[in-house]
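K.L.:
Need a 3D model of the following:
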Amino acid sequence: MSSSFASLVARDLTKSFGPRVVLDRVSCTVGPLHRVGVVAPNGTGKSTLLKILAGLDAPDSGTVTMTPPTATVGYLPQEPERRAGESVRAYLARRTGVGDADEKLRRASAALADQAPGADDTYATALERYLGLGAADFDARVGAVCADLGLPTRVLDLDMQALSGGQAARASLAAIVLARFDVFLLDEPTNDLDFAGLERLERFLHDELAGGAMIVSHDRAFLDRTITSVLELDEQQHSATEYAGGWQAYLDEQATARRHAQEEYAEYRAQRGELRDRAQRQRQWSVQGKAKLKKSGENDKHIREFRRNSSEHVAAKAKITDRALTRLEANAIDKPWEGWDLRMEIATAPRSGAVVARLAGATVRRGDFTLGPIDLQIEYGERVAILGANGSGKTTLLDVVIGRRRLDAGERSLGPGVIVGELDQARGAFSGEAPLLARFETASALVPSAARSLLAKFGLGAEHVARPADSLSPGERTRASLALLGAKGVNCLVLDEPTNHLDLPAIEQLESALENYPGTLLLVTHDRALLNAISLTRHIEVEDGLITADVPVG
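P.N.:
Predicted structure coming up:
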């Protein structure tokens, strides 16, 4: 286990992009052994917060301090950039900070040899960072870590862009395990990891890392196994609240706080309604009393005085009630805010034929990887989970079933009336420089007003639809892809890692939509909570390009 006594403290961080406030006086602490899970809807500022903590972005106000000041912070973002010409070894060195530390030590050594002013201090600082980041034994550790994660040594010299999706996911995990930062800032580290990778990451955070970590993730099972507290970013106020305890403690406390807020608001409304009704009745009684006195013709001055006093007494009571109402409204309790309310539906087409897809001896070759031969038949209404390690061929199998990839051998057929709706792992339906609205109109065949309305239901409003699709966050692109499934009638739904980048409310709505969807479902996911939440009829396990198990469930 590594040792670290470093702490990161952020105080009153505020950040805006133009007129849009993203963070408003957010404070947090990450100390040794802390595992802080950051949760919030998509677009609320989670990644922005991590970048500010890492020193990659500057806040408009507020401070970030490290104790000691020389402690290192590592930010590992979602969707790591695969640079052309960069080998896996160089990628790992960059992601762990080793590459930069090595270069700074080289420059400091040269300055020391040239006897440049201040070279002694510069060299000492560079050497301390070089050693602290584990650069001295980096090459020795790389091979062992990659072997542990199933990455052959020969892969280290390959270009990152040549890796499969599964290999790239393992390389990202290798960077985390290799890193020697004092504080880790992990942005969606579970995306694309298989079950073995998730277990390895959980073991690293639980057993091997003595330093602190702040983790943005929507994997509920992962959060339940790893975090010690939750930092919740408020979508409306842009502030932050920290909940001590693990994931379940946060859920319980959040539910309790929501219930109390609703009860307090209901009590406030009841009191306000009662005071308003009472004041209105009292004013009516006072007016009616005066009117009756005027019409009565009563000549006895004592009776008239009594009735006048009674009316004035009622009017005085009305004023007292009005003052009580004013005091109550001065301390008004706001209605508990309810954010964007997604009600996700998957539009269904008329049912297809009994056989949706059939493969016979299907074989696909991709470099040194071969899928097949595969014999498979999918029938209408089946709900199939395709499981396996990264790189085993799950996504390739999906591509073969729906006809995206050409066969090198064997046969494939789609049944009559099959209409496929797809959410691919790369969210490729929404990329490029064209505005989101234009791309969505083309893909959905909706008129602009209908397209805007549907996108808005998925939390993509006026500030999103005019932006280039490439500028959308991964979560926003996923929402747009799900909105497209709500526009097009499908009877064969193909989902490849659908919960990647989605926030928790959207994941829960996706689960509900899948439960109500009557057509055929083909699902690739490593989201354990999702697999437990939806009904499935069949598990297909893929290993090294072959189906090793095909079993009914239910």
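K.L.:
Any buried residues in the one helix or strand residue 455 maps to, and which?
P.N.:
Per DSSP states H and E, residue 455 falls inside helix 448-457. Along helix 448-457, these residues count as buried under the neighbour rule (16 or more other CB atoms under 10 Å): 451, 452, 454, 455, 457. All C-beta atoms are positioned from the backbone trio N, CA, C, and that covers glycine.
K.L.:
Show me where the stretch 101-250 of the chain has its helices.
P.N.:
119-132, 138-148, 165-178, 195-203, 220-226, 247-296 (DSSP state H, counting those that start in this stretch).
K.L.:
Please name whichever of the ones you listed is nearest to residue 333.
P.N.:
Closest approach to residue 333 among these (CB to CB): helix 247-296, 4.2 Å.
K.L.:
which other helices and strands contact that closest one?
P.N.:
strand 35-39, helix 220-226, strand 229-233, strand 240-244, helix 301-330 (3 or more CB pairs under 8 Å, 6 or more residues apart in numbering; DSSP states H and E).
K.L.:
could these be laid out in CSV, adding distance to residue 22, mean neighbour count and mean pLDDT?
P.N.:
Shown next, in CSV, are the helices and strands packed on helix 247-296 (distance: least, CB to CB, whole Å; neighbours: other CB atoms under 10 Å; pLDDT from 0 to 100):
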stretch, distance to residue 22, mean neighbour count, mean pLDDT
strand 35-39, 13, 23, 95
helix 220-226, 23, 21, 93
strand 229-233, 9, 22, 94
strand 240-244, 12, 16, 92
helix 301-330, 31, 14, 70
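K.L.:
what about these, which gets the closest to residue 266?
P.N.:
The nearest among the helices and strands packed on helix 247-296, by CB to CB, is helix 301-330 at 14.1 Å.
K.L.:
buried stuff in the very next helix or strand once past that closest one?
P.N.:
Downstream of helix 301-330, the first helix or strand assigned by DSSP H and E is strand 355-366. Within strand 355-366, the residues that count as buried by 16+ other CB under 10 Å are 356, 357, 358, 359, 362, 363, 364.
K.L.:
Restrict strand 355-366 to CA atoms and write it as CSV.
P.N.:
Provided in CSV are the C-alpha atoms of strand 355-366 (Å, rounded to 0.1, in the frame of the first residue of the first chain):
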residue,chain,number,x,y,z
VAL,A,355,-37.0,-14.9,-36.0
VAL,A,356,-35.3,-11.5,-35.6
ALA,A,357,-31.8,-12.5,-36.6
ARG,A,358,-29.9,-15.6,-37.5
LEU,A,359,-26.2,-16.3,-37.8
ALA,A,360,-24.7,-19.5,-39.3
GLY,A,361,-21.0,-20.0,-39.2
ALA,A,362,-20.6,-16.3,-39.1
THR,A,363,-16.9,-15.2,-39.0
VAL,A,364,-15.3,-11.7,-38.9
ARG,A,365,-11.6,-11.0,-38.9
ARG,A,366,-10.3,-7.7,-37.6
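K.L.:
so what secondary structure elements neighbour that strand?
P.N.:
Using 3+ CB pairs under 8 Å, 6+ apart, strand 355-366 sits against strand 369-379, helix 394-402, strand 409-414.
K.L.:
of all the ones you listed, which lies closest to residue 493?
P.N.:
That would be helix 394-402 among those, by CB to CB, at 10.7 Å.
K.L.:
Tell me how far the closest one lies from the chain's centre.
P.N.:
Offset of helix 394-402 from its chain centre (CA atoms, centre = their mean, to the nearest Å): 26 Å.
K.L.:
tell me what that helix is packed against?
P.N.:
Using 3+ CB pairs under 8 Å, 6+ apart, helix 394-402 is in contact with strand 355-366, strand 369-379, strand 383-387, strand 409-414, strand 492-496, strand 520-524.
K.L.:
how about the ones you listed in TSV, adding distance to residue 95 and mean pLDDT?
P.N.:
Listed next are the helices and strands packed on helix 394-402 as TSV, based on distance: least, CB to CB, whole Å; pLDDT from 0 to 100:
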stretch	distance to residue 95	mean pLDDT
strand 355-366	26	94
strand 369-379	25	94
strand 383-387	28	96
strand 409-414	39	95
strand 492-496	25	92
strand 520-524	26	95
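K.L.:
give me the low-pLDDT residue ranges for this protein?
P.N.:
In the predicted model, the chain carries pLDDT under 70 at residues 1-4, 78-80, 259-260, 286-315, 335-343, 425-428, 554.
K.L.:
which of the buried residues of helix 448-457 lies closest to residue 509?
P.N.:
Closest to residue 509, out of all of the buried residues of helix 448-457 and judged by CB to CB, is residue 457, at 10.8 Å.
K.L.:
distance of that closest one from residue 487?
P.N.:
Look at residue 457 and residue 487: by CB to CB, to the nearest Å, they are 11 Å apart.
K.L.:
cool, residue 399 as well?
P.N.:
23 Å.
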